[in-house]
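S.K.: Next come a sequence and a model predicted from it.
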Amino acid sequence: MSETDTHVIHALDADDPLSHYRDKFFHGDSDLIYLDGNSLGRLPRATMNYMRNIVTNQWGDSLIRGWRSGWMDLQEKLGNKIAKIIGANEGEVIVADSTTVNLYRLALAAVMHQAKDHRTRIVTDNLNFPSDVYVFQGISNIIKGSRVEIIPSTDNLHGPVTEISRALDDHTALLSLSHTVFKSGYTYDMTELTAQAHAAGALVLWDLSHSAGALPVDLRKSRADLAVGCCYKYLNGGPGAPAFLYVRRELQEQLLNPLTGWFSQENMFEMELDYKPTSGIRRFTSGTPPVLAVSAIEPSLDIFLEVGMEAIWKKSLGLTDLFIHLFDQHLAPLNFRLNSPRNPKYRGSHISLGHDEAWRINQALISEMNVLPDFRPPDNIRLGFAPLYTSYVDVYTAVMRLRQVVTEKRYENYSQEKTDVT
Ligand SMILES: Cc1ncc(COP(=O)(O)O)c(C=O)c1O
């Protein structure tokens, strides 16, 4: 890349209307190129003070009175903030438990509801996060006659849209997909597939883990029935942050939460022995929320509400477009493969790079080049471009360091053996 080109990259950052948001996040090591915000988002500076206050003033001073002065409504309050980020209505989203638990709860609720009409089949694809498929397999083990149909993608990169719509029939209870898939970053057209599932009489459950906070999602417009998603990736809620769930308002009274517990009981403090589900989105919770962990999500959500998803998406496209441009110039000649869609319509905010030596290149990048992506088998280096704090210079520097690892054969110093956490 010429000097003029690097000039152009710096100009992209200078013209970026979101560039000042980078400083709203903690950067311990200013040389680190962090490209794993799609797995664990950076720490917002505001969260540091906020949590100090919550711990001291709420836990420390309020003690048990905290439940009366805000903790009881915290899950709904944050759910309503997330609703604005994913195009849902007030009262349709709540923060609770983990993505896996929420997925189990909503998928089982949907299948139980549909089983009345002899619909028990769950349709998904082979690009879905494996844990989601494990959840569906667990459900099919306990629902009589249920089975999971996993539709394969022909190229392991793009969603098998035609094959999925062909698979939807009058035995299908539920279509459940990752909106943006974890490996290639392919993003489904939510409106199109939801309409097709509805036409076949199926309910739809979207996993928004790799979409929420990365690109605009419009659950309202797409008429999506159910959704779950993660708060520790783009939403920067902290390691293991509680997740969110969405249930379209009209379905809330029709579905039964299979994980019943006192937080979803009507008048819970009356301590009646007979379970009577409360109304609204709270009906889909179970037990006491981890108040500190839920609280930690809020400062980041406020940043998203201030910036707006359109601006974030525009920046995301700018970053991934630049990466693909630099890939063609510098990485394709070094036998890297682009394992993500070129078409921006189907692109999330992360990109997977294939290479026969991907595992060792990734090790070298982390160990000696101070670039932090992650690795997904069999041969993907996955680079996440979190729009709020990733700069155009980060993208450029990452490509240059990737190139250096290969041209200088630095990866040859690393073992082929895989570690436990990738
Ligand atoms: C798309 C997707 N779904 C579900 C999960 C599981 O989330 P959790 O382990 O927080 O329940 C993950 C985790 O990374 C994910 O990426």
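M.R.: Arrived safely, thanks for sending.
S.K.: CA only for contacts and neighbour counts going forward, please
M.R.: Fine.
S.K.: tell me, how many neighbours does residue 217 end up with?
M.R.: Neighbours of residue 217 under the rule other CA atoms under 10 Å: 22.
S.K.: Wait, a strand at residue 212?
M.R.: No. In this structure, residue 212 is coil, not part of a strand, as judged by DSSP: H, G, I helix; E, B strand; the rest coil.
S.K.: Check the one residue in the stretch 151-300 of the chain that gets nearest to the ligand and give its pLDDT.
M.R.: Proximity of the stretch 151-300 of the chain to the ligand (CA to the nearest ligand atom) peaks at residue 209, 4.8 Å away. Residue 209 is assigned a predicted lDDT (pLDDT) of 98.
S.K.: Isn't residue 372 up against residue 35?
M.R.: Yes. Using CA atoms under 8 Å, residue 372 is in contact with residue 35, at 5.5 Å.
S.K.: Compare the two (neighbour count), which wins?
M.R.: residue 35 (25 against 21).
S.K.: what packs against the least confident helix or strand in the chain by mean pLDDT?
M.R.: Ranking every helix and strand in the chain by mean pLDDT, DSSP states H and E puts helix 3-15 at the bottom, with a mean of 88. Judged by 3 or more CA pairs under 8 Å, 6 or more residues apart in numbering; DSSP states H and E, the packing partners of helix 3-15 are helix 392-407.
S.K.: Run the chain-centre distance for the helix it packs on.
M.R.: Using CA atoms, centre = their mean, to the nearest Å, the mean C-alpha position of helix 392-407 is found 26 Å from that of the whole chain.
S.K.: please begin residue numbering at 36 from this point
M.R.: From this message on, residue numbering opens at 36, which makes the last subject helix 427-442.
S.K.: between it and helix 38-50, how many degrees?
M.R.: Helix 427-442 runs at 140 degrees relative to helix 38-50, counting by axes from the mean of the first three to the mean of the last three CA atoms, to 10 degrees.
S.K.: Identify the residues contacting helix 427-442?
M.R.: Contacts of helix 427-442 from elsewhere in the structure, counted by CA atoms under 8 Å, 6 or more residues apart in numbering, are 44-45, 47-48, 68, 354, 357-358, 361-362, 365-366, 369, 396, 399-400, 404, 406, 445-446.
S.K.: Which of the three states applies to residue 417?
M.R.: Following three-state DSSP, we place residue 417 in the strand state.
S.K.: Could you say which helix or strand holds the closest residue to residue 451 other than its chain neighbours?
M.R.: Nearest residue to residue 451, sequence neighbours excluded (CA to CA, 6 or more residues apart in numbering): residue 395, at 6.4 Å. The secondary structure element spanning residue 395 is helix 393-403 (assigned by DSSP states H and E).
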